[in-house]
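**Q** need the 3D shape of this:
(chains A and B)
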Amino acid sequence: MNRATPTVSRALVVLLIVACIAGSGEPASAYLKLGTRVGGRLVTLKWERFPIRYFVTNRGSATVSPQQFQTAVATAFSKWDTVPTAELSQEFAGFTSASPSLGDGMTTIGFVDRPDQDRVLGATNFLIDTVDGEIIESDIFLNSTFPYSVAASGEVGRFDVESIALHEIGHLLGLGHSAIGETELRAGGRRVLGAEAVMFPIAFSSGTIEGRTLKADDIAGISDIYPNALFRSERGSISGTVMKGGTGVFGAHVVAFNTRTGKLVGGFALNQSGAFVIAGLEAGPHVLRVEPLDDGDIESFFDRTLNVDVNFQVKFHDRLIVVPRGGGVSNVAITVVPK
Amino acid sequence: MVRCVCLVTALLSTSVPAHAQSVGRETPRKGSLELSGGALWTGGTDQGNATATLTRNPSTGSGAFELFRSDATVGSVVGLQARFGVYLSSSLSLEAGAQLARPELRVRLTGDSEGAPDVTATESITSYVFTGSVVYHVRRSGRFRPFLLAGAGHVRDLHEGSDLVETGPEYHAGGGVKFWLGNGRRKFGLRSDVGISARDGGVGADEERRIVPTAAISLAYLF
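**A** Okay, the predicted model is just below:
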């Protein structure tokens, strides 16, 4: 594309990612790369130019100053930066009075009062190049309607800024939601029981800092988008299909469990053939577990126009899949049965 | 299988008559060579267990949220073994050996939080062990020659359907008996061994040393 004529070649695409939901959402398991369809093919959203320069708004919340907020954001960014199998970088460009809104050419992170979104802790949006999926600009807001904290060990009744920022920055870098988690339905919404990915769409309860640590699924996902030499030489993948009655199961969630390390990394069947790929796996034997996205809001993972099949039973694959270093195992065929 | 091999050993020992002494001078001496090959049984091992867990939302309880549990084992297997020995004296020899077996790695999956049926997921492994041993023959002569051996080796395990190879050192010790069938310098015989093999590498669901019992019975040729 001709980057000198952006008004012609670029389109403004806003992807509103409901990143951390306080109370309502869904469970399941795995990392998902954000993508967009260009000329009939799906391209991954990613940054092409580094460092990513970001601004922080000079507006704090009732309980967090702009400086405290910026420190927490910088810490969160550094956790993604230091993933050993990924290659990316960022740079704090300064404070700004601008709000986190698209189209100003600045990637901005800050608090915004959104009392109308009473279950949304934070969200990320993008300006992308619709030709190649390059992220041009991205903005993150944390909903200051909620109480926040930057205390080292958290504060009762307040959401942890670093945890929420870590999740939103994952989106900013191109990650969608992971489904590695379990929830329960309660009056007033769904509560997360446990999650093994920062990119799980529902936040832990207020007062905790459990969301400050990247998990295997997050690390695999970010490394898959921004791989370095170590990732290419040491990590492997599993690909195959999930079928039911002879047809592919779109949206099936496949989790690989490393029997040696206990790490969980997931992927989804992303087309009507039921084809899935799970990358970023450490070498060694893996157990595969397939489950439907059947107990939450599917729109947290996929476009509402897509027909996600949730009518099948959870199952384990009966073969161990051994992932090689720097390679992949393909043609793993998993058959599921209706509920 | 251990019992079977022990029985063979016992039968060999009880079948040797007193006249074995008369052929003692015809048996191995410095420079003699010995070739043997046969079946090798390798015991299974428990590879430990692991639980797939999620970080629990602290407001919902304590401890990790268990998604499911896994218990791994490597099954016992009968494979092939070949050895070549050189006698340094009538009682001492050095041996090089190679073993081939195809054990199965099994992972039992249970207790799924969403009710997935229990399953045992498996894979076959092609396992090679290359060994070097020092063999001390307790009796210097006779048809019936008990021996002790110890040595080290190299494990090379190939996973099924993958390019992944896992290697590591191996150490072994054991003993057995040889029963020579002829009287001349060149003769056939039977050999049985039992032993312990410690493996720091190769396939295993965890990183700990695997200690496996072994037993073998072979046809031997001395020349």
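**Q** give me the longest helix you can find in chain A.
**A** Looking across chain A with DSSP state H, the single longest helix is helix A:66-81.
**Q** contacts for it?
**A** Applying C-beta atoms under 8 Å, 6 or more residues apart in numbering or on different chains, the external contacts of helix A:66-81 come out as A:54, A:56-61, A:64, A:86, A:88-90, A:92, A:95, A:109-111, A:150, A:161-162, A:165-166, A:169-170, A:173, A:212, A:214, A:222. From N, CA and C alone the C-beta is placed, and that goes for glycine too.
**Q** repeat that with 7 Å
**A** Contacts to helix A:66-81, defined as C-beta atoms under 7 Å, 6 or more residues apart in numbering or on different chains, come from residues A:56-60, A:88-90, A:92, A:95, A:109, A:111, A:150, A:161-162, A:165-166, A:169-170, A:173, A:214, A:222.
**Q** got it, and stretch A:140-147?
**A** Contacts with stretch A:140-147, where a contact means C-beta under 7 Å, 6+ apart, come from A:22, A:61-63, A:100, A:109-115, A:117-118, A:120-124, A:148, A:157-159, A:161, A:164, A:168, A:172.
**Q** and the helices in the chain?
**A** In the absence of a named chain, this looks at chain A. For chain A, the helices defined by DSSP H occupy A:6-9, A:66-81, A:161-172, A:216-225, A:229-234.
**Q** switch to chain B, that's the one I care about
**A** Here chain B has its helices, by DSSP H, at B:2-15.
**Q** any idea which strand is longest in it?
**A** In chain B, with assignment by DSSP state E, the single longest strand is strand B:119-137.
**Q** off-centre distance for it?
**A** 6 Å (C-alpha atoms, centre = their mean, to the nearest Å).
**Q** check which helices and strands it sits against.
**A** Using 3 or more C-beta pairs under 7 Å, 6 or more residues apart in numbering or on different chains; DSSP states H and E as the contact test, the elements touching strand B:119-137 are strand B:92-101, strand B:104-110, strand B:144-159, strand B:165-180.
**Q** buried subset of the contacts of helix A:66-81 as a ChimeraX selection?
**A** Buried residues within the contacts of helix A:66-81, by 16 or more other C-beta atoms under 10 Å in any protein chain shown, are selected in ChimeraX with:
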select /A:56,57,58,59,60,88,90,92,95,109,111,150,161,162,165,166,169,170,173,214,222
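**Q** neighbours of A:Phe69, how many?
**A** When counting by other C-beta atoms under 10 Å in any protein chain shown, one arrives at 27 neighbours for A:Phe69.
**Q** follow-up on the earlier one: mean pLDDT for the helices of chain A: which is lowest?
**A** Between the helices of chain A, the one with the least mean pLDDT is helix A:6-9; it has a mean of 26.
**Q** give me the nearest residue to A:Ala216, chain neighbours excluded.
**A** Excluding its sequence neighbours, the residue lying closest to A:Ala216 (C-beta to C-beta, 6 or more residues apart in numbering or on different chains) is A:Lys263, at 3.7 Å.
**Q** ok, now which ones touch residue 84?
**A** Just going to use chain A. Contacts for A:Pro84 (C-beta under 7 Å, 6+ apart) come out as A:Leu230.
**Q** not quite, I wanted chain B
**A** Residues near B:Phe84 by C-beta under 7 Å, 6+ apart: B:35, B:95-96.
**Q** beta partners of the residue nearest to A:Arg158 when sequence neighbours are not counted?
**A** Spatial nearest neighbour of A:Arg158, excluding adjacent residues (C-beta to C-beta, 6+ apart): A:Ser149 at 3.7 Å. Beta bridges link A:Ser149 to A:Asp160, judged by DSSP bridges.
**Q** closest residue of chain A to chain B?
**A** As assessed by C-beta to the nearest C-beta, chain B sits closest to A:Gly194 within chain A, at 3.1 Å.
**Q** what number of residues lie near that residue?
**A** Counted with other C-beta under 10 Å, the neighbours of A:Gly194 add up to 25.
**Q** isn't it up against B:Arg56?
**A** Yes: the criterion here is C-beta atoms under 7 Å, and A:Gly194 meets it with B:Arg56 at 4.6 Å.
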